[in-house]
Each structure stands twice: as C-alpha cells, then as structure tokens.
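Visitor: After the sequence you'll find the predicted model.
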Amino acid sequence: MLSVVVLVMVVVAGCSSGSDDPEPEKTPPKEESTQVDKPAETVDPNKPVDGGTLVISTFTDIVSVNPLFIQDTASADAATFIFANLYDLDRQGNVTAEPWSLASEKPIISEDGKSYTIKLKSTAKWSDGQPVTADDVVFTINAIRDPKVASPGISQFDKVDKVEKVDDSTVLVTLKQVYAPFQYALASAVVPAHVLKDVKPEELLTNPFGTDPAKTVTNGPWKWTEWKQSQSMNFDADSNYWGQKPHIQKIVFKQYADQNTEVQALLKGDVDLTQAIPVTQVEAVKNKGDINVILAPGPVYEYLGFNFKEDNFKNKFVPFASQKTRQAIAYALNRQGMVDNILKGTGKLMNAPFLPGSWADPGDAVVNYGYEPEKAKQLLAEDGWLPGDDGILVKDGKRFAFELQYNAGNSRREQVAAVIQQNLKDVGIEVTPKAIDFSAWVEQNLTPGKYEAILLSWSLNNPDPDGESTFSSKYFPPNGQNQGWYKNEKLDQLWVDGYSTVDQNARKQVYAEVGKEISADLPYVFMYQYGLPEGIGPKVKFAEEDKPEPTLPYGYFYRIINWWVDSK
C-alpha cells in the first residue's frame with residue numbers, strides 16, 4: 001500500500017522546577033566543616049536517559065490512525081508511535097522481526113511461495129491489558145480483504161485464499177497464487193479483534209476506533225491520550241507496554257500553519273525535529289550550527305495526476321482522454337527546471353513509477369519527456385485542439401481548462417503548481433491551482449476520486465515495485481488507490497505478471513514492459529523522485545545504529561524507541 005505524502009516536524013517542551021512556598025524556609029547557619037566535598041558526578045552524554053517530551057510539529061492533521069484505513073503520511077506518522085507492526089524493515093529494507101515487532105521470527109514461507117506461517121511473541125499485549133493473539137491477525141487480514149470494509153490496502157491481501165489460527169501464537173496464511181510482495185504486506189500493524197469483531201464491516205470506517213483516543217486500543221510503546229483537531233495530539237509512554245520501554249516519556253504533535261512557520265520554530269529552538277525543511281531554507285538551517293540536516297533521495301515521487309471519470313467534469317468532458325494530449329502536457333512541463341530551481345538539484349527525473357537506480361528501474365525502456373513546448377503544441381494541434389478567441393485551446397466546443405488541486409501549506413507544491421500553470425498557459429491550456437486542507441482533501445476528494453487533476457506524491461511503503469493498487473482498474477475507489485479511475489487492460493495484466501513469480505530477473509523484464517507502456521500512456525505525468533530534508537535539533541539523541549534512515553518509508557523515525565531527549 002502507498003501513502004500520500006504529507007510532511008511533519010518535532011518540538012521539545014522545556015522543563016521547570018519550583019516551590020509552592022512563598023519564601024524559602026529559614027535555617028540556622030551550619031558549623032564549619034573540614035569535610036572535602038566530593039566532585040560532581042559526570043553524566044555520559046552518550047548514555048540514554050529516560051523522560052522528557054518530544055513535540056512533533058506538522059502543518060496537517062491526521063485523518064484516522066486505524067491501521068485498516070491509513071493512506072496518508074500524517075496518520076501513518078502518528079500510528080508509528082502507538083501500534084506495533086507484525087514485522088519491521090531493517091536499514092536495508094529487508095523484512096525482519098525486531099524486539100518491538102509482534103512476530104517472534106521472520107515469516108516461514110513454503111517452497112511453492114503460497115503459504116506464510118506467522119509466529120507471535122507470547123508477551124505482546126494491547127493497552128487495555130488483553131493479549132495480542134492470532135485472533136487479531138486473522139481478523140485484521142480478513143477485514144482488509146473484505147470489499148465491504150473498503151480498506152485502501154485491499155490489493156495486498158485479496159490474493160489470500162484463507163487465513164487460519166493454528167494456536168494463540170501462530171497464524172497460517174495461504175495465498176491463491178504466488179504474490180511476490182506479500183512478505184512486505186505483513187510488515188504492518190494489526191487491530192484488536194476483541195474491540196472491533198462485533199462491528200459491521202461497512203461500519204468500521206466510521207467507528208470511533210482511530211479517531212477517538214479514549215476508544216482506540218493500541219499496542220505500541222506510547223498510547224494516544226489526547227487529540228485537539230487542527231491543534232495538537234498527545235502520546236504518553238505506556239507504563240504497561242509489553243516490550244522494551246521507550247526512553248522518551250511524552251510525544252506531542254503540534255500543528256503549524258505551514259512549512260515556513262515550522263522552520264522558524266526549528267531555528268528558534270522551539271522544535272527539535274522537522275521532516276520537511278523547504279530546500280530553499282536548508283542552508284539557513286545548516287548555518288544555525290547545532291541542527292543536524294539529513295538529506296537523501298527517499299522512497300517518494302511526485303506526480304501530476306489526471307482524472308478520467310466523466311462525472312468529475314463539467315458537461316462530462318474529460319480533456320485528458322487522449323493519450324496524445326497527455327503526452328503533449330508532459331512535453332510542455334519544464335520538469336528539469338523544477339528540479340534545478342525549486343528542489344535545488346535534490347530530485348531525480350522520473351518517467352515511470354519506479355525509483356531511479358532500484359532493481360526494477362526500467363531505464364531506457366521508458367519514454368523520456370524533455371521540455372519541448374513546440375512539440376507539445378504540435379501534438380495538441382494533431383489531436384484537434386485549436387486556439388480560441390482568448391488563446392485557450394478548444395476542442396468540440398470545450399475549452400481546455402482544468403483545476404489542479406494540491407494540499408495547502410506545502411511550499412514546494414505551491415511553487416510547482418505555479419510553474420505547471422505557466423508552462424501549460426504557454427501552450428494554450430488554462431490551469432487553476434487550488435490549495436485544500438489535507439485532511440479534508442483526503443476524505444472529500446482523494447479517497448472517492450473526486451477531482452480534475454492533482455499534484456501529489458506517493459511514498460512507496462516497501463521496496464517492492466508492484467503498483468497494481470494505484471494503476472489497475474480492479475482498484476477503483478473505494479476499494480483501492482486508483483483514484484484517477486485510469487483503465488489500461490494491458491497494464492492490468494502486466495501488474496499480475498510482475499508479482500506472479502519470485503524470480504527477480506523475470507520480474508525485471510515485466511517491469512521494463514510496464515515502464516514502456518505506462519510512460520507512453522501516462523495516467524500521470526511522473527515528475528521526480530525527491531528527498532525530504534530532515535532537521536534534528538541538539539536535544540534529540542540516538543546511537544549511530546538508531547539514526548534516521550531517509551531511504552525507508554517513515555525512516556525519519558527509524559528505531560525511535562531507542563532515542564532519548566536531553567532536557568538539560
């Protein structure tokens with residue numbers, strides 16, 4: 001499953017001490033003593049200390065932390081602290097069982113690749129004291145694969161034939177066919193069966209579990225204690241947590257107006273960590289001296305997404321219906337200029353949904369779109385678009401004009417949207433950028449697929465290149481993430497071919513075909529891979545083996561259970 005990319009930040013609350021007495025109690029003077037005072041005990045700065053508060057700032061609110069429905073980064077960030085995963089990823093992106101994972105060992109995979117045995121730790125518990133058992137795993141997988149639940153993760157689990165409880169700590173999952181990415185699907189959280197088993201499948205989405213802290217039972221190192229919508233969220237270390245106790249006592253999410261406001265808080269020392277410093281401000285943050293900036297290309301790519309459903313357009317006219325028109329738009333955009341001038345060289349151009357340099361990268365098999373506005377004009381003319389009286393192209397009596405939505409507060413997308421608007425105006429297309437509050441956008445537009453065009457990013461939640469959930473016509477809303485209602489029967493089959501074998505060389509050949517087809521047909525204009533500059537203030541401490549890993553999904557909180565806060 002992919003997650004829509006949103007950006008967040010971290011703040012530390014200071015400590016103070018004092019007395020309730022109006023003045024100190026008077027005592028008689030002490031007699032002189034010849035006793036020599038012992039030297040003050042030194043504190044090892046590399047030794048973790050318990051306590052302290054970490055306040056994470058964000059410019060967007062969560063939607064829900066219910067693992068069945070998470071598909072945005074803000075919600076996934078919050079869930080990181082309060083839910084344990086069955087399995088986790090190591091720094092190289094391999095599936096593993098960490099001390100804080102629910103599983104006691106890696107999944108046992110049968111020779112035919114169709115059966116997965118999951119063994120749970122017997123010590124794992126929910127925050128209400130109930131044990132985490134095979135019942136929770138069975139319930140979670142069955143819920144995700146049930147179309148009535150409408151989970152965005154359905155494409156990862158609808159290949160499951162059956163899921164069986166062997167005993168309280170063992171689950172056997174049998175697939176209908178080989179599904180190469182399935183072990184990554186298991187690197188995810190589960191929900192408590194004893195809390196949700198009596199809820200009707202179609203009512204799970206609106207159930208308060210995931211949106212009401214008092215009704216959200218968790219099993220991670222911290223528990224959710226408060227949510228003031230559009231303001232803040234609080235997480236407190238769970239004193240009854242079943243595993244290794246976290247050092248940080250309290251985590252607070254505090255919402256800011258936008259990224260620029262967050263950076264100012266970082267520079268003033270009000271914030272200890274931000275995952276998304278605008279690249280234009282990276283040098284200013286570095287010059288502060290005591291802030292560590294981590295920047296590397298992450299598992300994230302940005303795109304201009306088209307919608308193909310007639311109901312989303314006036315007069316049911318879809319201006320992007322023709323492949324030639326979509327190719328013209330790709331040629332009209334100065335993507336390299338965006339990378340050079342907006343990302344300051346920190347991005348890499350893409351023409352297909354595979355990260356540059358990854359094993360599935362199709363390389364030269366894809367169609368490469370340079371910045372060629374004259375070629376764009378030629379393709380548009382060939383496709384029947386003619387200039388109107390105001391210079392905007394017209395076809396079948398319909399003007400080529402559309403609304404481009406993006407999330408408010410994102411300074412990068414605001415700039416990119418402006419470039420798209422100007423680039424397309426230069427070839428006769430009218431674009432109206434519209435910034436929308438992210439949580440409202442997800443619920444009202446993205447999840448149901450109600451928009452004309454969007455500027456957005458996907459965060460690749462695991463290293464596997466399978467993109468069926470995003471691009472296959474099997475996964476239109478609400479049962480999947482093909483939010484643009486794109487249909488290409490050839491690609492539908494290629495995605496199946498790509499995951500139906502575990503032979504990586506065979507898969508690589510399939511994804512070369514996928515790259516060739518998808519870059520020609522263009523459900524999106526794929527823009528670039530980029531990294532999120534993470535800024536970490538001096539109070540946040542971690543050992544080298546626990547440092548953030550920007551190449552992993554949500555890697556800016558990698559192994560945070562081992563981090564600590566220096567509150568001196």
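Guide: All right, it came through fine.
Visitor: isn't there a helix covering Val171?
Guide: No - under DSSP: H, G, I helix; E, B strand; the rest coil, Val171 sits outside any helix and is assigned strand.
Visitor: My understanding was that it contacts Lys165; is that so?
Guide: Yes - assessed by C-beta atoms under 8 Å, Val171 is found in contact with Lys165 at 6.2 Å. The C-beta positions use only the backbone N, C-alpha and C, and glycine is treated the same way.
Visitor: quick one: common contacting residues for the two?
Guide: Ala134, Val138 (C-beta atoms under 8 Å, 6 or more residues apart in numbering).
Visitor: quick one, which of the two is more surrounded?
Guide: Val171 (26 against 16; other C-beta atoms under 10 Å).
Visitor: Next, the contact list for that one, please.
Guide: Thr117, Ile118, Leu120, Ala134, Val137, Val138, Val163, Glu164, Lys165.
Visitor: Can I have the buried ones of the residues you listed as a ChimeraX selection?
Guide: The buried residues among the contacts of Val171 can be selected in ChimeraX (16 or more other C-beta atoms under 10 Å) with this line:
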select :118,120,134,137,138,163,165
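Visitor: and the contacts of Val171, which of them are in strands?
Guide: In strands, judged by DSSP state E, the following of the contacts of Val171 are found: Thr117, Ile118, Val163, Glu164, Lys165.
Visitor: Bridged to the third one, which residues?
Guide: Here Val163 shows beta-bridge partners Val173, assigned using DSSP bridges.
Visitor: I'd say it and Ile141 touch.
Guide: Yes - contact criterion C-beta under 8 Å: Val163 and Ile141 qualify, at 4.7 Å.
Visitor: Identify the contacts common to the two.
Guide: Val173.
Visitor: mean confidence score for stretch 385-393?
Guide: Stretch 385-393 carries an average pLDDT of 96.
Visitor: could you dump it to PDB, C-alpha only?
Guide: C-alpha atoms of stretch 385-393 as PDB (Å, rounded to 0.1, in the frame of the first residue of the first chain):
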ATOM      1  CA  TRP A 385      -7.200  21.300 -30.200                       C
ATOM      2  CA  LEU A 386      -7.400  24.800 -31.800                       C
ATOM      3  CA  PRO A 387      -6.800  28.200 -30.200                       C
ATOM      4  CA  GLY A 388     -10.000  30.100 -29.100                       C
ATOM      5  CA  ASP A 389     -10.600  33.800 -29.100                       C
ATOM      6  CA  ASP A 390      -8.800  34.200 -25.700                       C
ATOM      7  CA  GLY A 391      -5.900  32.000 -26.800                       C
ATOM      8  CA  ILE A 392      -7.000  29.000 -24.800                       C
ATOM      9  CA  LEU A 393      -7.300  25.800 -26.800                       C
END
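Visitor: Please list the outside residues in contact with that stretch.
Guide: By C-beta under 8 Å, 6+ apart, stretch 385-393 touches Thr325, Leu380, Val394, Lys395, Arg399, Phe400, Ala401, Val427, Gly428, Ile429, Glu430.
Visitor: residue contacts, the first one?
Guide: For Thr325, the contact set (C-beta under 8 Å, 6+ apart) comprises Pro319, Leu379, Leu380, Asp383, Trp385.
Visitor: right, and the pair among those with maximum separation?
Guide: Using C-beta to C-beta, these reach their maximum pairwise distance at Pro319 and Leu379, which is 13.7 Å.
Visitor: Lowest mean pLDDT among the helices and strands of the protein, which one is it?
Guide: Scoring the helices and strands of the chain by mean pLDDT, DSSP states H and E places strand 9-11 at the bottom, with a mean of 30.
Visitor: buried set for the next helix or strand after that strand?
Guide: Remark: after strand 9-11, the chain's next helix or strand is strand 53-58, criterion DSSP states H and E. Using 16+ other C-beta under 10 Å as the test for burial, strand 53-58 gives Thr53, Leu54, Val55, Ile56, Ser57, Thr58.
Visitor: Strand 53-58 - contacts with which helices or strands?
Guide: With contacts taken as 3 or more C-beta pairs under 8 Å, 6 or more residues apart in numbering; DSSP states H and E, strand 53-58 sits against strand 9-11, helix 73-82, strand 250-255, helix 259-268, strand 271-274.
Visitor: so which of those gets nearest Asp503?
Guide: helix 73-82 (31.3 Å).
Visitor: Need the contact partners of the closest one.
Guide: Taking contacts as C-beta under 8 Å, 6+ apart, the residues outside helix 73-82 that touch it are 3-8, 56, 58, 60-65, 67, 70, 189, 216, 218-224, 233, 235, 251, 253, 438-439, 459, 554, 557, 560.
Visitor: got a list of what Gln281 touches?
Guide: Counted by C-beta under 8 Å, 6+ apart, Gln281 has contacts Asn260, Val263.
Visitor: Quick check: phi and psi at it.
Guide: Phi and psi for Gln281, reported as degrees, to the nearest 10, are phi -110, psi 0.
Visitor: ok, it to Asn407 distance?
Guide: 19 Å (C-beta to C-beta, to the nearest Å).
Visitor: hang on, Asp272 packs against Lys539?
Guide: Yes - between Asp272 and Lys539 a contact is recorded at 5.2 Å, counting by C-beta under 8 Å.
Visitor: who has more neighbours, these two?
Guide: Under the neighbour definition other C-beta under 10 Å, Asp272 and Lys539 were set side by side, and Asp272 has more, 27 against 20.
Visitor: I'd like to know how far that one sits from Asp492.
Guide: 46 Å.
Visitor: Just the residues contacting stretch 198-218, thanks.
Guide: Applying C-beta under 8 Å, 6+ apart, the contact partners of stretch 198-218 are 64-66, 68-69, 82-83, 126-128, 130, 143, 146, 148-150, 191-192, 195-196, 224-227, 238.
Visitor: Among those residues, name the ones in strands.
Guide: Short answer: the contacts of stretch 198-218 in strands (DSSP E) are Trp224, Thr225, Glu226, Trp227.
Visitor: Quick check: closest non-adjacent residue to Gly484.
Guide: Computed as C-beta to C-beta, 6 or more residues apart in numbering, the closest residue to Gly484 that is not its neighbour in sequence is Asn307, at 4.8 Å.
Visitor: That neighbour touches Pro477, doesn't it?
Guide: No - with contact defined as C-beta under 8 Å, Asn307 does not reach Pro477; the gap is 11.0 Å.
Visitor: Tell me which of these two has more neighbours.
Guide: Applying other C-beta under 10 Å to Asn307 and Pro477 shows that Asn307 carries more neighbours, namely 24 against 18.
Visitor: any idea how far that one is from Ala321?
Guide: 11 Å.
Visitor: what do you get for Gly467?
Guide: As judged by C-beta to C-beta, Gly467 and Ala321 stand 22 Å apart.
Visitor: Which of these two has more residues huddled nearby?
Guide: Gly467 (26 against 14).
Visitor: And the pLDDT for the more buried one?
Guide: 94.
Visitor: Hmm, Trp495 and it touching each other?
Guide: Yes - applying C-beta under 8 Å, one finds Gly467 in contact with Trp495, separated by 6.5 Å.
Visitor: list residues touching both of those two?
Guide: In contact with both Gly467 and Trp495: Val514, using C-beta under 8 Å, 6+ apart.
Visitor: In contact with Asp497, which residues?
Guide: Here Asp497 is in contact with Val510 (criterion: C-beta under 8 Å, 6+ apart).
Visitor: Done for today, thanks.
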